[in-house]
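Engineer: Okay, here's the prediction I keep looking at, along with the sequence it came from:
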Amino acid sequence: MPLAWAEVGDDSLTFCLFQAATRPLNGGRHQGGKTMSKRVYNFNPGPAALPVQILQQGQEEFVEFQDLGMSIMEISHRSKQYEQLNDETQQLLLKILGIKSGYQVLFMAGGASTQFALVPMNFLKTGQVGSYVLTGSFAEKAYQEAAIIGETAIAASTSEQKWSRLPAINEIDIAANSAYLHLTGNNTI
């Protein structure tokens, strides 16, 4: 049975939707003897539910990767097995995203907040500004981080409307010397 709810606060709207599976998976038993009688599908921002088969494969390979007698977390990042996994993963990602040859994949720690610094560090040059559309908490954080690195400009803001909407295109004023326009469409925390 689907279940949904919304919570409205002074300046935020939280919406959550999830659905439990109607029958037990694997007879309700998972490896290790733990019982799971229903599976929840998570549509919240951030981490999401994965197929049980993927979780089980990850569980098995976390303990012993490719019959090596150790976990992928324990082998050297310079080992043949790790390099093979890394290369295959990069190639699959390029293929799935349809990225043309000549590009490389960089796996790095950090989430969207890391990009708040990386975008201006890579695109903001002397004599240019980073233009920001302020649409909520993450947009403000991105703007503040960029201001540490270089010159910034607010192209539009919906703060007076308590972040209840994105600005219309005709409300966005992009500076002539703008290196980029940053817009956060989802400020869900």
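Structural biologist: Right, received. Where do you want to start?
Engineer: send the alpha carbons of the biggest helix by length in the chain over as CSV?
Structural biologist: As assigned by DSSP state H, the longest helix anywhere in the chain is helix 80-97. Taking C-alpha atoms only, helix 80-97 is exported to CSV below (Å, rounded to 0.1, in the frame of the first residue of the first chain):
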residue,chain,number,x,y,z
LYS,A,80,45.8,-5.7,-10.9
GLN,A,81,42.3,-6.5,-9.6
TYR,A,82,41.6,-3.1,-8.3
GLU,A,83,42.9,-1.4,-11.5
GLN,A,84,40.8,-3.7,-13.6
LEU,A,85,37.7,-2.8,-11.6
ASN,A,86,38.5,0.9,-11.7
ASP,A,87,39.1,0.9,-15.5
GLU,A,88,35.9,-1.1,-16.2
THR,A,89,33.8,1.2,-14.0
GLN,A,90,35.1,4.3,-15.7
GLN,A,91,34.4,2.8,-19.2
LEU,A,92,30.9,1.7,-18.2
LEU,A,93,30.2,5.2,-16.8
LEU,A,94,31.4,6.9,-20.0
LYS,A,95,29.2,4.5,-22.0
ILE,A,96,26.1,4.9,-19.9
LEU,A,97,26.3,8.7,-19.9
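Engineer: how about that helix: buried residues?
Structural biologist: For helix 80-97, the neighbour count (16 or more other Cβ atoms under 10 Å) marks Leu85 as buried. In short, each C-beta sits where N, CA and C put it, glycine included.
Engineer: Show me what that helix is packed up against.
Structural biologist: Using 3 or more Cβ pairs under 8 Å, 6 or more residues apart in numbering; DSSP states H and E, no helix or strand is in contact with helix 80-97.
Engineer: how about Tyr180, what does it touch?
Structural biologist: Tyr180 sits next to Val119, Phe123, Leu124, Gly130, Ser131 when contact means Cβ atoms under 8 Å, 6 or more residues apart in numbering.
Engineer: ok, now which ones touch the second one?
Structural biologist: The reference is to Phe123. Counting by Cβ under 8 Å, 6+ apart, Phe123 has contacts Gly130, Ala179, Tyr180.
Engineer: Can you flag which of the residues you listed belong to strands?
Structural biologist: Within these, residues falling in strands by DSSP state E are Gly130, Ala179, Tyr180.
Engineer: Pick the one among those closest to Val52.
Structural biologist: The closest of the ones in strands among the contacts of Phe123 to Val52 turns out to be Tyr180 (Cβ to Cβ; 40.8 Å).
Engineer: Can you name the residues bridging to that closest one?
Structural biologist: Taking DSSP bridges as the rule, Tyr180 bridges to Gly130.
Engineer: Just the strands from the protein, written as ranges.
Structural biologist: Under DSSP E, the chain gives strands at 2-8, 13-20, 40-42, 129-134, 152-157, 178-183.
Engineer: State the paired neighbours of the third one in the sheet, together with their directions.
Structural biologist: By that I understand strand 40-42. strand 13-20 (antiparallel).
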